[in-house]
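S.K.: build the 3D model from these lines:
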Amino acid sequence: MANDIKHRVNDADLAAAEGLEKMGYAQELSRSRGLFGILFMTLAIMAVPYGLAAPIATALIGGGPATMIWGLVLVAVLTLTLALSLGEICSLYPTSAGAYYWTYKLSPPSSRVLLSWITGWMTLVGVWTISLSVNFGTGQLIVAGAGIFHPDWIATPWQTYVIFLGVTAVSSVVCLFFNRYLPLIDVACAYWTGIGVIVMLVALSAEGRAGRHSAGFALGHFDPSTSGWMPGWTFFIGLLPPAYTFSAIGMVASMAEEVHNPVVQLPRAIVYSVPIGALMGLVFLLPITFTLPDTSALLAVPSGQPIGVMFQMVMGSKGGGFGMWFIIFGIGMFCAISISCAASRATWAFARDHALPFSNVFARVAAPPLTKEPLPVNAFLLSTAVQILLGLIYLGSSTAFNAFVSVSVICLGSSYAMPVAISLASRRRLVKHAPYSLGKWGTVVNAIAVSWIVFAIVLFCMPTTVPPTPTTMNYASVVFVGFALFSGVWYLFNGRFHYRGPPQVGDSHSAPETPKMVFEKHESGRASTTVTPV
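M.R.: Alright, predicted model coming up:
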């Protein structure tokens, strides 16, 4: 039985490698993830309890309990349309190149190269800055944990930056030297998250030392007074945490060349992750809204991260608060590992198509010490170095740094919207017969997805409170324009001469002197893979 299963998996890998070759790429990475492996990685990247807990102050400013619960439901429904749209296109073109490859294939010949370039750079900026936000946010979460025992302590910018470096170092070591165990780490994350939200549900509900609220309050209380906005826009401000949480669902497309049977399994993972993530989010938020302490006290926390203090107040002790905090911290670390891995694959894919400076360097695949698996080591180091450099901005201005968190959602959303909108404009002509087809509902689903992204982009450019001050102003649009200018200048001076878009059939862009997966057929009929130098 085991041999039969292995035979089927290897046959699927052979078919996937042949499909990849037809798209113009060589199979250079090992396929080690099935449906549950890539689904658990998607959920690890979402890190729903962490994504909702870290910016919980924004949810409180955005109206409180009613926005937290119903905002999550609304965002999940809207995100599901995006997941379905991406899953359909992904099933047609399952490559680590992701959105910029999809854009190229779906665009008119006259504009496909430029549109692909724009999408690729939006993807790259998005994955770099979202990874930065997770690694740095986990560092800030550590500061919030310290605040449980030392409520008057305020970390200096350089102390927070050093903690961020520690988080980045841990995630980097795991990704580079323990790559073969990453699927198991994602499984561990799924168990940690699932058990963790149940533990928090029971513990917070049982203690409730800060007081308990009625169902009417927990599900319907809405206070727009803190934001300064009108009630309607205050509710939209409260959508920021769930929108941020679900913003990276398309990042797993960069893992396509490491997934068994990606035509089937990758779209399923992207789509299934949304309702599962929403359910986990509700289980996490409901005990919070039923036991929520005084909002003004939470928003007055010196660190700006009230989640640790909130847990302490509800549990009635520092030890109990720390226990709840530690569950969120663990989810944040798991997320940092998975999202750093996915960001490196997106970087590698874009370099493979000659779109980055020194592309030949960053497109190389090598086996780092302690592991025999081929990995895009240089691309990972580039992605990490960019995050470390961007983190330095926090030393000068936390306001400017926060703009990079918002711009991550703007860039990722724009990169998702581009191929979906192009497909929609062409009346879905090329995706009608995709393996994961939306059928007659495709046009409606695509239109809702694109509309939601456009609205979310506007939302993430707005300040959370009015009137804005220099420290509360949202500079995400400025950062976005800055990255766009850099991309445009690089295209004018280099890209238009070297970037021709993704390869066509028979035009492989594999980097020289890199390991390459070679598929062999044994006499027994069983397929296997070996790594040989090119």
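S.K.: all contacts plus neighbour counts: C-alpha atoms, from now on.
M.R.: Fine.
S.K.: run through the strands of the chain in chain order.
M.R.: For the chain, the strands defined by DSSP state E cover 515-521, 527-533.
S.K.: ok, F380 - contacts?
M.R.: Contacts for F380 were tallied using CA atoms under 8 Å, 6 or more residues apart in numbering; they are S340, C341, A343, S344, R345, T347, W348.
S.K.: mind redoing it with 10 Å?
M.R.: By CA atoms under 10 Å, 6 or more residues apart in numbering, the residues touching F380 are 172, 175-176, 340-348, 362.
S.K.: next one: L239
M.R.: Counting by CA under 10 Å, 6+ apart, L239 makes contact with 58-59, 62-63, 67-75, 233, 456, 459-460.
S.K.: out of the residues you listed, which are buried?
M.R.: Burial by neighbour count, 16 or more other CA atoms under 10 Å: within the contacts of L239 this picks out 58-59, 62-63, 67-75, 233, 456, 459-460.
S.K.: so of these, which ones are in helices?
M.R.: Judged by DSSP state H, the subset of the buried ones among the contacts of L239 located in helices is 58-59, 67-75, 233, 456, 459.
S.K.: so which of the residues you listed comes closest to A146?
M.R.: The shortest distance between A146 and any of those, using CA to CA, involves T58 and amounts to 20.8 Å.
S.K.: now the stretch 301-450 of the chain, which segments are flagged as low pLDDT?
M.R.: In the predicted model of the stretch 301-450 of the chain, residues 370 satisfy pLDDT under 70.
S.K.: how about the contacts made by S254?
M.R.: Applying CA under 10 Å, 6+ apart, one finds that S254 lies in contact with 94-99, 341-349.
S.K.: can you pull the contacts of the nearest residue to it once chain neighbours are set aside?
M.R.: Residue nearest to S254 in three dimensions, not counting chain neighbours: S96, with 3.8 Å by CA to CA, 6 or more residues apart in numbering. With CA under 10 Å, 6+ apart as the criterion, the residues that contact S96 are 20, 25, 90, 251-258, 342, 345-350.
S.K.: same question for G139.
M.R.: Counting by CA under 10 Å, 6+ apart, G139 has contacts 133, 145, 159-168, 329, 332-333.
S.K.: pull out the buried residues from those.
M.R.: Buried residues within those, counting neighbours by 16+ other CA under 10 Å: S133, G145, T160, Y161, I163, F164, L165, V167, T168, F329, G332, M333.
S.K.: as JSON lines, the residues you listed with distance to F284 would be great.
M.R.: What follows is these, written out as JSON lines (distance: CA to CA, whole Å):
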{"residue": "S133", "distance to F284": "21"}
{"residue": "G145", "distance to F284": "18"}
{"residue": "T160", "distance to F284": "27"}
{"residue": "Y161", "distance to F284": "29"}
{"residue": "I163", "distance to F284": "26"}
{"residue": "F164", "distance to F284": "26"}
{"residue": "L165", "distance to F284": "29"}
{"residue": "V167", "distance to F284": "24"}
{"residue": "T168", "distance to F284": "26"}
{"residue": "F329", "distance to F284": "14"}
{"residue": "G332", "distance to F284": "15"}
{"residue": "M333", "distance to F284": "18"}
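S.K.: from the residues you listed, which land in helices?
M.R.: S133, G145, T160, Y161, I163, F164, L165, V167, T168, F329, G332, M333.
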